[in-house]
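Student: Return a 3D structure for these sequence lines:
(2 chains)
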Protein chains: 2
Amino acid sequence: MTLDAVLARIDATLPQSLDRLMDLLRIPSISTDPAYAADCARAAEWLVADLQTLGFDARVAVTPGHPMVVGHGGDGARHLLFYGHYDVQPVDPLELWDTPPFQPELQDTPKGQVIRARGSSDDKGQLMTFIEACRAWKAVHGTLPGKLTIFLEGEEESSSPSLVPFMQANRAELTADLALICDTGLYEDKTPAISSMLRGMAKAEFTIRAASRDLHSGMYGGLAQNPLHLMSSLLAGLHDDQGRVTVPGFYDDVDELSDTLRSQWQSLAFDHAAYLGDVGLSVPSGEQDRTPLEMIWSRPTAEVNGMWGGYNGAGFKTVLPGEAHAKVSFRLVSRQDPAKVLTAFRAWADSRMPADCEIIWHDAIEGSPASIMDITDPAFEAARQALSDEWGRPAAFIGEGGSIPIAGHFKTVLGMNAMLIGFSKDDDKIHSPNEKYDLESFHKGIRSWARILARIA
Amino acid sequence: MTLDAVLARIDATLPQSLDRLMDLLRIPSISTDPAYAADCARAAEWLVADLQTLGFDARVAVTPGHPMVVGHGGDGARHLLFYGHYDVQPVDPLELWDTPPFQPELQDTPKGQVIRARGSSDDKGQLMTFIEACRAWKAVHGTLPGKLTIFLEGEEESSSPSLVPFMQANRAELTADLALICDTGLYEDKTPAISSMLRGMAKAEFTIRAASRDLHSGMYGGLAQNPLHLMSSLLAGLHDDQGRVTVPGFYDDVDELSDTLRSQWQSLAFDHAAYLGDVGLSVPSGEQDRTPLEMIWSRPTAEVNGMWGGYNGAGFKTVLPGEAHAKVSFRLVSRQDPAKVLTAFRAWADSRMPADCEIIWHDAIEGSPASIMDITDPAFEAARQALSDEWGRPAAFIGEGGSIPIAGHFKTVLGMNAMLIGFSKDDDKIHSPNEKYDLESFHKGIRSWARILARIA
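Tutor: So this is what the prediction gives:
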């Protein structure tokens, strides 16, 4: 079995794979801080050089921001594009790190060995699982595992300003049959997972305007409209007593979960008590007729993210303010259209104002729809089986409550379906001090890609 | 008629009365700014010297802050204490003044002559109406109009820190049969008024605490409790759809208006459309079965004065915050007890929290009850008739939506009833640039006190 030979090679050369990752982790490629621009460029060059040793036709592609890494190699019936990012988050507060963030170490912990460094999990360790899988394959077979394009960016942690323009300018070069994205995690630290459903987003910031100036509550209290009361009533009315959003038509384009996914999710036995307990809560607050996993993966939400008005300094000022403000965001699912949702929300809110008050809307009507991967593509079931083989338990198609913009960009700009597979764990502390990546994640991650590529490339 | 002689004397010596007021207005006795401490002392000394010319046994009384002026004189069956304040508000922004704030001028305007200066209306012009009435009386009769104590403070614009301690330390000296306070206004610029009902106040600042940290709305939105939603629901539930406060027992100690006051207030024909129109509103928002005057004078309120939580910076942060905050104040009437109201509010709010959230209360349970003057004291009806005589239209017992702490202090510290009579107009711009006091207010104010003293002293 040639796959067995590849897996054996991966096991035998793990120390060398780890050394290479350590080299990459030593480069402080912080994309948000201009002081590290040269380090970002150095990380890109390091990756290009490494890809070239594998026979990739690789280059550093200049952008107005940090460079992209693009490499092409191999042959096969299905053209696969792999995406990752080489930039990392800032390291503040530095004093909370137990070891220097850019001096990676392999450390023993009660739960096994971990690679400790900024970027170890997000995303250098993850992207190297794919490259190391290619390396082992090449060592055994003499060729890459298929027709591959490697596409790595250096601005993911700073909102990817160059990404879409670069995709648009290099559409032909970057369009493949399927995108593979390695920037997600295992399900609850132990179950391999393919993210097949990402919620979208729509946002609204607005001001309720009542009196033309702040009023003295002694002179006007009880007679004049208080915009803080209007805001409270408006936002309180956004959900009914069952936790459903009340904006008319909000659920029109929301699909029910398929029976397949519903039974898969049931088998995940999501421990919502532990999930909420981690943050000091115990009572699921959303739609009362939905399971907690549905609430965060496949149901749309309306959440107030900020609300303010009146006096908030020390002591009291018995004022009736002229204005109240809020920021509200909607997580979208299925076929919900951001513009339709926002238009309905505005109409609903405007209609609830008294005749002498009004709402000023501060944003354009825009947003991003949910990303729903086409898991009927046989590659998804093949990848799921490969992951199940490696991890010894059935892999799951899961949802992601948050948005991962890159998946949407592949779909909307390049028309490509994307498969999100990753091996990070919930305790990896990405974006925080003492980020780590389990050696198990790295090792089995490499083996996972070898198995997946054997089936789908 | 000796009263006629006094009134004639007032008319004849108005220029001299005005000159004295101008002298007092030239002293920049700004109490909030330590740079003007010597000016405050100088104003107190000026007043003491002036009272001494009238035969008052007057003195400057030192306090930890600005001095008090205390003077005693005259004889009579009823001992009256007159209160006013000689300190003034700051003058910023100075560039908005058309004439220098401490260079008083008599100016012609389309609505008549006005005295333009900081403090002309609040409160030097008003307190001098009383002193000038005494002066004219003395000139005609050779004696003061009755047994009088003059009590003037210099910290009214800076929250009167020395007032209550000074009252407590000089209880015997300051206790009279009735207090007269000249720091209020005419009703709608034309109708003389005695304020007989001042709303009290209770305040609550609190935090709703949900998750132990801020949560990502992608990971927790739709599942975890959002304290901004709880706050909205709580505050929205504070009033029912008729504008009534829903806290149990809130109206238990609220009395209905007497028939006398109700008919007096009806005759005032309050123009609530103009009152709201001044601040850009048109729809009365309070208790739907109450008249607008009741809403601001004789009904209790619950108003949110500040509300904040989550992200309020530029752009969006799709956070579910761990906390939400609010400041709520209650205007109290009749026999409402601040402690009882706050205790009921806390219990009501606490009971509306889910099991895993809580409210942290930041203040002590305290406040001030409403001040209800005993208008069955015949002096009130006598004063009302005196005012009606002077102004040519029936004077009214009115309410004041705001609290005037001095009236409460006279009641609680010294056990004295207080009668609030003043002659300022709504367009006097107290606390603002270009403050003025109508010459009519000054002239008829002096005459009013002469008439009142003739009846009650």
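Student: Tell me how many other residues surround the residue in the stretch 101-250 of chain A positioned nearest to chain B.
Tutor: When Cβ to the nearest Cβ is the measure, the stretch 101-250 of chain A has its nearest residue to chain B at A:Gly218, with 2.4 Å between them. The way it works is simple: take the backbone N, C-alpha and C, and place the C-beta from them, glycine included. For A:Gly218, the count of nearby residues is 21 (other Cβ atoms under 10 Å in any protein chain shown).
Student: Does it touch B:Trp297 like I think?
Tutor: No. Because the distance of 10.1 Å does not satisfy Cβ atoms under 8 Å, A:Gly218 is recorded as not touching B:Trp297.
Student: Any chance you could list residues touching both of the two?
Tutor: Common neighbours of A:Gly218 and B:Trp297, using Cβ atoms under 8 Å, 6 or more residues apart in numbering or on different chains, are B:Arg199, B:Glu400, B:Gly401.
Student: Nearest to the spatial middle of chain A, which residue is it?
Tutor: For chain A, the residue sitting closest to the mean C-alpha position, by Cα atoms, centre = their mean, is A:Ile404 at 3.7 Å.
Student: For that one, give its distance to chain B.
Tutor: As defined by Cβ to the nearest Cβ, to the nearest Å, A:Ile404 lies at a distance of 9 Å from chain B.
Student: separation between that residue and B:Ile365?
Tutor: Using Cβ to Cβ, to the nearest Å, we find A:Ile404 at a distance of 50 Å from B:Ile365.
Student: Settle this for me: A:Ala193 is touching A:Trp297, isn't it.
Tutor: No. Counting by Cβ under 8 Å, A:Ala193 stays clear of A:Trp297, with 11.3 Å between them.
Student: Now do the shared contacts for these two.
Tutor: What both A:Ala193 and A:Trp297 touch, as defined by Cβ under 8 Å, 6+ apart, is the set A:Ile398.
Student: For A:Val91, list the residues it contacts.
Tutor: With contacts taken as Cβ under 8 Å, 6+ apart, A:Val91 has the following neighbours: A:Ile30, A:Trp97, A:Pro101, A:Phe102, A:Arg118, A:Pro433.
Student: Select from those every entry located in helices.
Tutor: Assigned to helices by DSSP state H, none of those qualify.
Student: Can you select the buried ones from those residues in ChimeraX?
Tutor: In ChimeraX, the members of the contacts of A:Val91 classed as buried (16 or more other Cβ atoms under 10 Å in any protein chain shown) are selected with the following command:
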select /A:30,97,101,102,118
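Student: From the contacts of A:Val91, pick the one nearest A:Leu276.
Tutor: The shortest approach to A:Leu276 among the contacts of A:Val91 belongs to A:Pro433, at 24.6 Å (Cβ to Cβ).
Student: Tell me the spacing between the closest residue to that closest one other than its chain neighbours and chain B.
Tutor: Distances taken as Cβ to Cβ, 6 or more residues apart in numbering or on different chains put A:Leu96 closest to A:Pro433, at 3.8 Å, once the chain neighbours are dropped. Note on A:Leu96: its distance to chain B, by Cβ to the nearest Cβ, is 15 Å.
Student: Which strand or helix spans A:Phe330?
Tutor: With the criterion set as DSSP states H and E, the secondary-structure element containing A:Phe330 is strand A:323-332.
Student: Thanks again, I'm all set now.
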